[in-house]
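S.K.: No sequence on hand, only this structure:
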């Protein structure tokens, strides 16, 4: 499939990067959430601003001359941050690096009345894309999901987001107990009437450590989940928002540039409790992981200027495997040449060629130009395919169900 076995790398691809800032605090913990989020009675906003700025400066010293293509404030609930802290971080990025043309600066927010009132302040601070955690437009479902807003607040937040920000997106969750294809179709149609150019749609998964897991809330049956997944892809595509990644839909040109950096195997810095990063230095790759616990993270930054709990060198194969796992989630697929250029490993040296041929002839994968793409038949079996391609000693059935 890929000519030659040259292991040289093109380091010219390593100049741009994304930045992620994690704000770990929420007003309440949703029962399905397994993110690094914590309920805190009070937060010293000045101390947290200074700590985030210090950790940003630490990584800036390691990455001089780089260009920042996107900045993402995630959480937690980063719309609980003081707008002045958001502005200070954006200004610090401007001081430390150069921005790419038209950088994407996203902030996650909840559609509660208190946070809606801060939207204009965040826009003034420099945020140009808002990501709203709507999750549902049905009050019964919102109560089940433990959300603090109702459907009316969600609609008002979306209207304000459309009026204030150049770009906005929101999340929806399907696969709730008692949900049917008919009820989900109706809810998706409501979402389409409110969305702009981007929509993220996730299946409810019951993750260990969550309240839903402890309460043994049942996951949607596999056949129903598959039907809802297919319905979602077809309906959104019919309305001009095709899936560009397994769970993300956008009009052409409106994809999340920040997340595309992750999925295409680009470099990114993560700051804040539990944030991850991937950086390229010369011929090597580094994985970073900040201290997970917010209190310990803050103490470490105060003492040392950063709170990098783990820092590990990745070899070229490890980084290439990450690129395969994320690249095959994309509608455009895995860029074969980019894999070779970034990691110096040809595709046939990385994947089990017998299993790859099985996936290709079985219609689960296909090659489109210089991209390897998971087909509509292959996407529901993507995890099994990846395991088979990257760990061929596993006995996995890749045939159709």
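M.R.: Perfect, I can see it now. The model shown is predicted, which means the values in this text are computed figures rather than measured ones.
S.K.: Let me know the secondary structure of residue 269.
M.R.: strand (DSSP: H, G, I helix; E, B strand; the rest coil).
S.K.: can you pull out the helices in the stretch 301-401 of the chain?
M.R.: Using DSSP state H, counting those that start in this stretch, the helices of the stretch 301-401 of the chain run over 316-327, 336-343, 347-350, 353-361, 382-390.
S.K.: Of all those, which one is nearest residue 306?
M.R.: With C-beta to C-beta as the criterion, residue 306 lies closest to helix 316-327 of these, at 22.5 Å. Every residue, glycine included, has its C-beta placed from N, CA and C.
S.K.: Give me the angle between that closest one and helix 336-343.
M.R.: 140 degrees (axes from the mean of the first three to the mean of the last three C-alpha atoms, to 10 degrees).
S.K.: Name the stretch among the helices of the stretch 301-401 of the chain that sits most buried.
M.R.: Stretch with highest mean neighbour count among these: helix 336-343 (a mean of 20; mean count of other C-beta atoms under 10 Å).
S.K.: Show me what that one is packed against.
M.R.: helix 316-327, helix 347-350 (3 or more C-beta pairs under 8 Å, 6 or more residues apart in numbering; DSSP states H and E).
S.K.: ok so, going back, for the helices of the stretch 301-401 of the chain, could you give me a markdown table that also reports distance to residue 164 and mean pLDDT?
M.R.: Shown next, in a markdown table, are those (distance: least, C-beta to C-beta, whole Å; pLDDT from 0 to 100):
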| stretch | distance to residue 164 | mean pLDDT |
| --- | --- | --- |
| helix 316-327 | 32 | 96 |
| helix 336-343 | 36 | 94 |
| helix 347-350 | 44 | 90 |
| helix 353-361 | 45 | 93 |
| helix 382-390 | 37 | 92 |
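S.K.: so can I have JSON lines of the helices and strands packed on helix 336-343 showing distance to residue 91?
M.R.: What follows is the helices and strands packed on helix 336-343, written out as JSON lines (distance: least, C-beta to C-beta, whole Å):
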{"stretch": "helix 316-327", "distance to residue 91": "31"}
{"stretch": "helix 347-350", "distance to residue 91": "42"}
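S.K.: Select, out of the ones you listed, the one closest to residue 59.
M.R.: The closest of the helices and strands packed on helix 336-343 to residue 59 is helix 316-327. By C-beta to C-beta, the value is 18.6 Å.
S.K.: Can you check what angle separates that closest one from helix 382-390?
M.R.: Using the same axes, to 10 degrees, the inter-axis angle of helix 316-327 relative to helix 382-390 is 150 degrees.
S.K.: helices and strands around helix 316-327, which ones?
M.R.: With contacts defined as 3+ C-beta pairs under 8 Å, 6+ apart, the packing partners of helix 316-327 are helix 257-263, strand 284-290, strand 334-335, helix 336-343, helix 347-350, helix 382-390.
S.K.: Now tell me what touches that helix from outside.
M.R.: Helix 316-327 has contacts (C-beta atoms under 8 Å, 6 or more residues apart in numbering) with 7, 9, 262-265, 278, 285, 314, 333-335, 338-339, 342-345, 350-351, 372, 386, 389-390.
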